[in-house]
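this one's sequence-less:
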Ligand SMILES: Cc1cc2nc3c(=O)[nH]c(=O)nc-3n(C[C@H](O)[C@H](O)[C@H](O)COP(=O)(O)OP(=O)(O)OC[C@H]3O[C@@H](n4cnc5c(N)ncnc54)[C@H](O)[C@@H]3O)c2cc1C
Ligand SMILES: Cc1cc2nc3c(=O)[nH]c(=O)nc-3n(C[C@H](O)[C@H](O)[C@H](O)COP(=O)(O)OP(=O)(O)OC[C@H]3O[C@@H](n4cnc5c(N)ncnc54)[C@H](O)[C@@H]3O)c2cc1C
Ligand code: SF4
Ligand code: SF4
Ligand code: SF4
Ligand code: SF4
Ligand code: SF4
Ligand code: SF4
Ligand code: SF4
Ligand code: SF4
């Protein structure tokens, strides 16, 4: 997939906070099923979406992520509780917080991916990547130096200027 | 209680006695009927059968008028009108796009705040007054309460009573002192809409209803719909078989009027095709006296006996 | 939900089931052919297609067959089927929509007597704002030629003061006419779109 | 200073094909704190594991990162290896460069870059890992079984035979459940009582089973291996230690017309009663609602209105003054087996969203009955002594119509699921009927016949082929009384004609629903239930008898509509699970649990409110003199399941989830920035 991409185009970096039981396992399934997808997402594994502190998201952007994915079990399917109740409340709360902090909403993707939804995980990854790619690099936190991407040696995509942060 | 009044076309024609009896029982039951000015036809089955949009727009106009004229509820004594009004309101409530289209079509705002009410519902809400003022309880009269289709179906639109086992009409009849009989065709369709165009079906369906009421031992059938009335009363001659007695078909408001001590003429009982004389005589013969609960105002019927409510400010169109 | 008049869907690419959903908001696919609707339908003994047949044919996309069948016109709109359907399929509303579609497709399709009645009735409402029964019966009989049917009872009605002779148009009759026109306009726009598509 | 070792696996070609493993090892080797970084073909092989052990020993590693497959695959393997070399196992973690990288990307360069990122993230995390000790909790080797139907009975017997102590709590005066009401049972048509009663007696006599009938579970505290259960012993008004079950009291009782619950209101019982003659325990109960003595008391009468039973009892067992008592039991595991009840067909509905069938006349037409009522009419122990007589006039019904799917598969009436057993019991009913009334006509209205079990379809076919049941495909619209007969209006959808039947009796095959009050019990036990109230299993396929609360298991019809064979299988499976649990002296748990820093905690107890398991307790902090300083949160490590919700919620960051601390996660996020 990456091979077909225009190498000069902007390649965003996304951080995904996922729960251990559903989405992480769903992503494993995508792997065992050899579902090809964009290589822009780095997963941080947590026990449960309930563990996600909104500040993790803030931090991720601050440290140069262009987009964030938050994904856990389907409601009522949570490994830890019936109803995935707090996680859902938390999602709602995140949305408010995001608005309050002025975090870029279009760059954050919330989704539910179960252990059996490898296909859906691919869609979430590709959709989020495409969306963020279209938005361009994130430079919402003025003063934060955006480090080069990806790791040393690889061609660096054009960073913030010109790419146009949306604010 | 002041309530908007939507007589509908039938009440100015074939169902005049429903109009007359309702206007007569209103004052003693503490109801002030205010006819909606310049109301138009609800579209009835014909609009319903041919154009969904029209079938919503025509009732909507009347609901909008009622609202403009300061009502929050609208009594439609004809079950068909009631059903059309309630259905229109329901359709608009469930479909935002339709709500917009309707405002365009009407050329007026239609926030749909007026709640349509039917005859049974309104009478049931005044049971206490009825019991108190029923000076001539219809003791011994066995009545088959006939709901038909349009009062209770579909239940998401007509939610005032249980769709399969309603009780409200029986409650009203009981309050008049009469005895509701248990029978099974009280929710069956009489063929309503095909009265003119497919009489054969109507004969089949209405006959079954009459037969059932008769075999349940009813002295009369109570109805709350002009279409049911016309199929069961107007057509009864064609329905009864040789040697069968005819069964009077009364509007619920007429029964209530009798119990309240109103006279047959005021109630329009003379307009029926099936003779009601015997029945009325029986009612009159029943000893006037305190109703189930002795009312504090035994003089009420005197006031009630005044015909054709002057309180109703509506214009007479026929 | 169907957006009335404005951008109603064209029936070409739509299956009948999908169009029905647009028109009625109900999913006919929920019907599992239990027949409870037909078991309670007062007309089931008289019609060729019973409510559950109609639902099945909708799901099988049998548009032409349904719209041409007299059965859809023999529904009394008594709502018994809808009330008792275990799946909220609303056969009565489906029949409404089919009749509407039949009229849109070919205004002459319904059985003559029934259409004549509905036409007569609605014309009255259109021209006076209300219906009045004597005129209605007369008009209907003119249209159907059933001159003698029921005539015997008319005098009885008159004698009982139940038939007014002269229709009085209401004050707002112009408004009512406009409503009729607007509805027709909206419907035409919708079907025009369909043909265009 | 951290000394981290990194091991990059090729997984043969699985990783190596797309990820340049040598480059990954090289890049990661450059990170500060990484003292050892190598790549190898198969890390999980014995030589692979040996590499880790060797490096720990030789390089004095303080942390290990294996860059390989998913931790769900081999985390245990590598932690064991690290532990074997003397490193705390929780200092070893995996970076997933197979499922999350090599298998989902083709571009070698991009995949290698990503693999480097993923490994770096875990390196930064492991640097901050602390040694953790596996939690070990003792196990109380006693089990509580709630519900004494066939499922509860089976579970209790299997457990007790397996050596465990069992407390069996049944809310009714006798165990037996619905099976005791059935006449004969499909698919073999053997007599229900005949196979059930011996098992009930066995329960009663088993030395390791404590039977607590007429009791209910009031409260549950604790966690797997260590539950403390409070049980309410409802007042029987009969001293169980004195009563010998002679029955003299019941003969003497003056109140004789209470509708019998056991006979589904088709028979009568006395105010002091045992539900049925084979009841276990065979000790009567006074139904205070109907007893003349208690009614008199309630009305404030001075003189006792009755006392006949007391006079009749030679053993002085009647005790009007008895009150509810509470008993606590310590158990290590709980099996929920509370069974089902039938959908309520009449007007009274137990829950919002459920609607009865006004159109079927149940409750107003006496000859319209439900399935269990038919069982009682057909049962030799029933109110008619097994003669099939209709309730209205006691005549033998010559024509019975059965309606399937009443309540079930009917979203409009509130239930969309298939109740699974009713197709079978209707077929059974037609057979029982035809065996008793040879010239009787049995007509069944059905939509589908669902008979997917061993010998099941053969059974329903037999009803048709040999016993002459007539099956009509269609749902019935209306049932009403018409003089002496019950009219049934249906439609035959296969031949397209309306059907009208004059029946003598109509049997509604009503759906199974969960018991009333099950939600409350489920909440007491912290187990989840579905929107209908059925207890949720932990996994629909792989963990069918566990619940999402460790140590609580489920069996029988409280989990979904089930027949007896399924209920019994499930009960045995639950018992096996419990016995497996009890085979350990101690339970081992991952130490990923929350810990509160009492010094920081402000005592706001937000954590307590969000914890899905009730793991947060209150702890008093006192100074040396014993004065109360403050009350803080304290996480019970036995209960905590490690979800971390408390930590994300705590305003003062005083609670931390071991293994996923803020410090570790921030390190991971930071590591992504390079
Ligand atoms: C009409 C009919 C006919 C049937 N025929 C057959 C058949 O022929 N063959 C067949 O295999 N299956 C048949 N079944 C199904 C069979 O009844 C069930 O499979 C079986 O009874 C389920 O057993 P159970 O123990 O799970 O539930 P139940 O039998 O319901 O037992 C549950 C027990 O738990 C008790 N309880 C409930 N709540 C609590 C509480 N909170 N605390 C303490 N105790 C509680 C109850 O009092 C009851 O004793 C039939 C079902 C019906 C409705
Ligand atoms: C097309 C199809 C689709 C299905 N889809 C689903 C589904 O979606 N969901 C679901 O829940 N179920 C599904 N099933 C059913 C599911 O496959 C079975 O329930 C399940 O596989 C049964 O597991 P088992 O272990 O009993 O038998 P099997 O899977 O058959 O395993 C038996 C094992 O024993 C071995 N074996 C056999 N004989 C011997 C011997 N003599 N000595 C040693 N070993 C031996 C075999 O090699 C085999 O490995 C499906 C079945 C089919 C046919
Ligand atoms: S609404 Fe029409 S189709 Fe439905 S039951 Fe009534 S007559 Fe039959
Ligand atoms: S009752 Fe409903 S589900 Fe049954 S056949 Fe009719 S439309 Fe279909
Ligand atoms: S450790 Fe995992 S990735 Fe490596 S060889 Fe074993 S299975 Fe494959
Ligand atoms: S009479 Fe006494 S001993 Fe006999 S059953 Fe009754 S309570 Fe028990
Ligand atoms: S006190 Fe009387 S009524 Fe009560 S259980 Fe004893 S005998 Fe029966
Ligand atoms: S088991 Fe049979 S009768 Fe019961 S709900 Fe399922 S299909 Fe209907
Ligand atoms: S939320 Fe934090 S501060 Fe509040 S009680 Fe829990 S641990 Fe203490
Ligand atoms: S980690 Fe989860 S289970 Fe443990 S105490 Fe915190 S909220 Fe409760």
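That came through, no problem. Small disclaimer: the values here were computed from a predicted structure and weren't measured. Ligands and ions are numbered 1, 2, ... in the order given.

quickly note the distance from whatever residue of the stretch 1-150 of chain D ends up closest to chain B to residue D:142.
Residue nearest to chain B within the stretch 1-150 of chain D: residue D:149 (33.1 Å; C-beta to the nearest C-beta). (Glycine included, C-beta is placed from N, CA and C.) Spatial separation of residue D:149 from residue D:142 under the definition C-beta to C-beta, to the nearest Å is 21 Å.

repeat that for residue A:63.
With C-beta to C-beta as the criterion, residue A:63 and residue D:142 are 53 Å apart.

got it, and residue C:96?
Using C-beta to C-beta, we find residue C:96 at a distance of 65 Å from residue D:142.

about what we covered before: higher neighbour count, residue D:149 and residue D:142?
Neighbours per residue (other C-beta atoms under 10 Å in any protein chain shown) separate residue D:149 from residue D:142, with residue D:149 holding more: 27 against 20.

ok, that one - contacts?
If you count contacts by C-beta atoms under 8 Å, 6 or more residues apart in numbering or on different chains, residue D:149 has them with D:175-179, D:337-339, D:556-557, D:567.

out of those, who's the most crowded?
Within the contacts of residue D:149, most neighbours by other C-beta under 10 Å means residue D:556, with 33 neighbours.

quick check: closest non-adjacent residue to that residue.
For residue D:556, the nearest residue in space outside its immediate sequence neighbours is residue D:151; the separation is 2.6 Å by C-beta to C-beta, 6 or more residues apart in numbering or on different chains.

I'd guessed the one you found sits against residue D:569; true?
No - counting by C-beta atoms under 8 Å, residue D:151 sits too far from residue D:569 to count as a contact (9.6 Å).

mind checking which of these two has more residues around it?
Neighbour tally, residue D:151 and residue D:569, criterion other C-beta under 10 Å: the higher count belongs to residue D:151, 33 against 17.

so what's that one up against?
Taking C-beta under 8 Å, 6+ apart as the test, what residue D:151 contacts is D:177, D:337, D:339, D:555-558, D:567-568, D:570-571.

before we move on, what about residue A:112?
In this structure, residue A:112 makes contact with A:22-23, A:71-75, judged by C-beta under 8 Å, 6+ apart.

next: residue B:245.
Residues in contact with residue B:245, defined by C-beta under 8 Å, 6+ apart, are residue B:214.

helix/strand/coil for it?
Reducing the assignment to helix, strand or coil with DSSP: H, G, I helix; E, B strand; the rest coil, the entry for residue B:245 is coil.

and residue B:168, how many residues sit next to it?
Residue B:168 sits with 23 neighbouring residues when counted by other C-beta under 10 Å.

mind checking pLDDT for it?
Residue B:168 is assigned a pLDDT of 96 by the prediction.

distance of it relative to residue D:221?
Residue B:168 sits at a distance of 51 Å from residue D:221 (criterion: C-beta to C-beta).

contacting residues for the closest residue to residue B:165 other than its chain neighbours?
Taking C-beta to C-beta, 6+ apart, and ignoring the residues beside it in sequence, residue B:165 has residue D:358 as its nearest neighbour in space, at 3.9 Å. Counting by C-beta under 8 Å, 6+ apart, residue D:358 touches B:162-165, D:347.

can you tell me which of those are in helices?
Counting by DSSP state H, no part of those is found in helices.

columns distance to ligand 8, pLDDT and neighbour count on top of the residues you listed, output as a markdown table?
Written out in a markdown table, the entries for these read as follows (distance: C-beta to the nearest ligand atom, whole Å; pLDDT from 0 to 100; neighbours: other C-beta atoms under 10 Å in any protein chain shown):
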| residue | distance to ligand 8 | pLDDT | neighbour count |
| --- | --- | --- | --- |
| B:162 | 24 | 90 | 15 |
| B:163 | 23 | 91 | 22 |
| B:164 | 21 | 91 | 20 |
| B:165 | 24 | 90 | 18 |
| D:347 | 22 | 83 | 16 |
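
hmm, residue D:318 is touching residue D:308, no?
No - under the contact definition of C-beta under 8 Å, residue D:318 does not touch residue D:308, with a separation of 9.8 Å.

against residue C:124, how distant is the spatially closest residue to residue D:190 that is not a sequence neighbour?
Ranked by C-beta to C-beta, 6+ apart and with sequence neighbours excluded, the top spatial neighbour of residue D:190 is residue D:184, at 6.4 Å. With the distance defined as C-beta to C-beta, residue D:184 ends up 68 Å from residue C:124.

now the helices: where do they sit in chain C?
Listed in chain order, the helices of chain C (DSSP H) span C:16-24, C:36-40, C:51-59, C:63-68, C:80-84, C:91-105, C:112-128, C:133-144, C:154-159, C:173-196.

hmm, stretch D:304-314 in reach of ligand 7?
Yes - Stretch D:304-314 comes into contact with ligand 7 when judged by C-beta under 6 Å from any ligand atom, the residues involved being D:306-309.

where does chain C dip in pLDDT?
Filtered on pLDDT under 70, chain C yields the residue ranges C:1-14, C:133-159, C:161-168, C:191-197.

could you chop it up by domain?
Residue ranges for each domain of chain C read C:5-105, C:112-196, as given by automatic domain parsing.

mind checking which of those is nearest residue B:218?
Distances from residue B:218 to each of the domains of chain C were compared using C-beta to C-beta; the minimum, 20.7 Å, belongs to domain C:5-105.

chain center to the closest one, what's the gap?
Mean-position distance between domain C:5-105 and its chain equals 12 Å (C-alpha atoms, centre = their mean, to the nearest Å).

quick one: it near ligand 8?
No - where contact is defined by C-beta under 6 Å from any ligand atom, no part of domain C:5-105 touches ligand 8; the two come within 10.4 Å at best.
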